[in-house]
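Undergrad: kindly return the folded structure for what I paste below:
(chains A and B)
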Amino acid sequence: MFLVDNVSLELGDFRIKSLSLHIERPEYWVIIGPSGAGKTILLEMITGIHRPGKGRILFEGKDITLDQPKDRHIAMMYQDLMLFPHMTVKDNILFSFKIRKNKGEDIDKKVSELVDILGISHLMSRNPATLSGGEAQRVALARALIQKPRLLLLDEPLSALDSMTRERLRQEIRKIQRHLNIPIIHITHHFEDVYALAEKVAIMQDGMIVQTGKPEDVFAHPCTPYVAEICGTENIFRGEAFTEGTGSVLKLGDLCIRVAGCFTGPVVAVLRSEDIIISIEPFRSSARHTLPAKVVDLIPAGPFIRVVLDTGIPMIAMVTRTSSEELSLEPGCSVYATFKESAVHIIPTIHTGDNYEFNT
Amino acid sequence: MAEKNRSGKLFYPITIILAFFSGGITLLVLGGLFTFISPESILQTLSSPEIRYAIQLSLITSVISTVLCAVVAIPTGYILSRGELPGQRPLVMLLMLPLSLPPLVAGVALLLFFAKTPIGTGLEDIGITVVYTHLGIIIAQWFVNLPYLIRVMRSSFAMISPRYEHIARTLGCTDFQAFRYIALPMARAGLISGLVITWSKVMGEFGAVLMLAGATRMHTETLPIALYLNMSTGDLDIAITTACILLGIAAVTMFFFEHLSEGSDRI
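TA: Here you go, the predicted structure:
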């Protein structure tokens, strides 16, 4: 339905080189890449602020490469939101109606429906400068969505928020996407956004999209060192969490482990491979998990060795060559894998955990 | 060591004394203007046909030339603030040149342009006479003060992130509407203070007006020209009254400017 076809653009220090992106359904795309990769420029090009030097942009088969931004019906939200400071919240939200002079539509009903979903109806007469981060975010979202865009572009929408607000907004953005049934392109440099939101992920580097696909496919088969780096050092598991006592219990397949914090429902758990200690004898301590494991494989990685373990679920640990020799690790031997409760990083997600496995 | 200490201790007192000294001098010199003339004679002079003519002419020409400055400076300042024009740097230098040029030089150049070049004589042929006319006053005031307003508008627009307009364009604005409904209202404070100062500078414009429009009593006699003419003929009452009016305008302008630019670019 939406196709960026082999576009190139040079703008100051940024450049986009023969970039293509094909969105077939109303799905949630997360584009991740380091800063300076040209992510914002890409979104601005999709909205029509910048014209590509080469290539085409198509929407439902129609070439929109040269269309004005106003004719594209593509909404965008910047990280710093850009709420118009000289207008009230209400005037901000109604701005596109005022400009497009949409008459005959039941504007009031549309607006009140949307602001109710976003929970901002009490803010309508406020000045944008007086809003909290999360409130401003919702207002910007309402302003973008009120015109029923065909595509929503989000430029690091969650980076400036505290983690609680970020979590709530993630859920809301997803809910809204289902409600509107439009594709979303969300750019970020936070890996958490990929776990929590993405149906499809695209990796962007130096003005190019180097890999696209379902998150689990991309992470399982990273095609560049950057992709490998951002996912290779981590164990990523999908599972169910439920609260128990002061903490939570995480169920990963047959394995149950205790984690800090209160979580319920589908989650992604991330455990850095450096945080796993391997020993021959069990390593006992209250705040630690010690799991019996089998060494499946040893993969040299510079001064380190990646140890592929089977603890009921696959895990990767990182040890130095020296400790590998001291422990005389080899495929098939039995060891204990130990890690702190606090080393397990939990990210609530919307997807359920059915046959979802990153490490293969 | 003791020597060093003493100079260290004296630094702040000296700067403070100098600051108040400059203020005192300014007050003494400008305030002194009012001691040379009685309120009665000011009122009397104000009713003279000559001074009334000068006030009227100055007000009309200054408002027209300030509006003309705005008409050119707002779009020019805007496009320069967005910084994507080819040859922008030389263009900006050229536009800003009159700022450091004596107005007298600008006046001579304008005079020769309208009197001696094909463009000037061509305008003359179709009935547009600039030299020694009211139109000449407006053109001289406009030409000399335009760069200042362009600079003010350029920096006002430069403080507004272009992303506001990007968003406005995705919400249905044409380029012009994004400028009209977003950039321009957001630059409002800069625009108003720029207009007030431009108007006050235009009111006091002398050198360029003298060259292009001449100093003809009761014809091209703006307030500064009236001051000059009456000073040279020894009519001190009219000269001093005119000076007091111009001083009053400057004071009001300064008050407005202070009031408008609260916080941000306070003097």
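Undergrad: could you count how many residues lie near A:Thr264?
TA: Neighbour count of A:Thr264, defined by other Cβ atoms under 10 Å in any protein chain shown: 11. No exception for glycine: its C-beta is placed from N, CA and C like everyone else's.
Undergrad: quick one: it and A:Phe242 touch, right?
TA: Yes: look at A:Thr264 against A:Phe242 with Cβ atoms under 8 Å: they come within range, at 5.4 Å.
Undergrad: list residues touching both of the two?
TA: A:Ser248 (Cβ atoms under 8 Å, 6 or more residues apart in numbering or on different chains).
Undergrad: which elements pack onto the helix or strand harbouring A:Lys109?
TA: Element membership for A:Lys109, per DSSP states H and E: helix A:107-118. With contacts defined as 3 or more Cβ pairs under 8 Å, 6 or more residues apart in numbering or on different chains; DSSP states H and E, helix A:107-118 has these neighbours: helix A:89-100, helix A:133-145, helix A:163-180.
Undergrad: quick check: residues of chain A near chain B?
TA: A:44, A:47-49, A:68-70, A:72, A:74-76, A:78, A:80, A:82, A:84-86, A:95-96, A:99-100, A:143-144, A:147 (Cβ under 8 Å from any Cβ of the partner chain).
Undergrad: which of these fall in helices?
TA: Judged by DSSP state H, the subset of the residues of chain A next to chain B located in helices is A:Glu44, A:Thr47, A:Phe95, A:Ser96, A:Ile99, A:Arg100, A:Arg143, A:Ala144.
Undergrad: can you list contacts of the host helix or strand of B:Tyr164?
TA: Using DSSP H and E, B:Tyr164 sits in helix B:162-170. Contacting residues not belonging to helix B:162-170 are listed as A:44, A:47-49, A:68-70, A:72, A:74-76, A:78, A:80, A:82, A:84, A:95, A:99, A:144, B:82, B:173, B:175, B:177-179, B:181-183, B:186 [Cβ under 8 Å, 6+ apart].
Undergrad: same question for stretch B:52-61.
TA: So stretch B:52-61 is contacted by B:46, B:134, B:137-138, B:141, B:202-203, B:218, B:220-223, B:225-226, B:242, B:245 (Cβ under 8 Å, 6+ apart).
Undergrad: buried residues in that stretch, which are they?
TA: B:Tyr53, B:Ala54, B:Ile55, B:Leu57, B:Ser58, B:Thr61 (16 or more other Cβ atoms under 10 Å in any protein chain shown).
Undergrad: JSON lines please, covering the residues you listed and showing secondary structure.
TA: Listed next are the buried residues of stretch B:52-61 as JSON lines, based on DSSP: H, G, I helix; E, B strand; the rest coil:
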{"residue": "B:Tyr53", "secondary structure": "helix"}
{"residue": "B:Ala54", "secondary structure": "helix"}
{"residue": "B:Ile55", "secondary structure": "helix"}
{"residue": "B:Leu57", "secondary structure": "helix"}
{"residue": "B:Ser58", "secondary structure": "helix"}
{"residue": "B:Thr61", "secondary structure": "helix"}
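Undergrad: point out where the stretch 1-150 of chain B drops to low pLDDT.
TA: Counting by pLDDT under 70, the stretch 1-150 of chain B shows low-confidence ranges at B:1-7.
Undergrad: nearest to chain A: which residue in it?
TA: Closest residue of the stretch 1-150 of chain B to chain A, Cβ to the nearest Cβ: B:Glu84 (9.7 Å).
Undergrad: just want the phi and psi numbers for that residue.
TA: Backbone geometry at B:Glu84, expressed as degrees, to the nearest 10, gives phi -130, psi 20.
Undergrad: what does A:Thr65 give?
TA: Torsion angles at A:Thr65 (phi, psi; degrees, to the nearest 10) stand at phi -50, psi -40.
Undergrad: tell me the contacts of the most centrally placed residue in chain B?
TA: Central residue of chain B (Cα atoms, centre = their mean): B:Lys201, 2.6 Å from the mean position. Contact analysis of B:Lys201 by Cβ under 8 Å, 6+ apart lists B:Asn145, B:Tyr148.
Undergrad: buried residues, the host helix or strand of it. List them.
TA: Using DSSP H and E, B:Lys201 maps to helix B:188-203. Applying a neighbour-count criterion of 16+ other Cβ under 10 Å, one finds B:190-191, B:193-203 buried in helix B:188-203.
Undergrad: wait, B:Cys173 touches A:Gln68, no?
TA: No: in this structure, B:Cys173 is not within contact of A:Gln68 by Cβ under 8 Å, at 9.4 Å.
Undergrad: when those two are compared, which one has more neighbours?
TA: Between B:Cys173 and A:Gln68, B:Cys173 has the larger neighbour count (other Cβ under 10 Å), namely 25 against 14.
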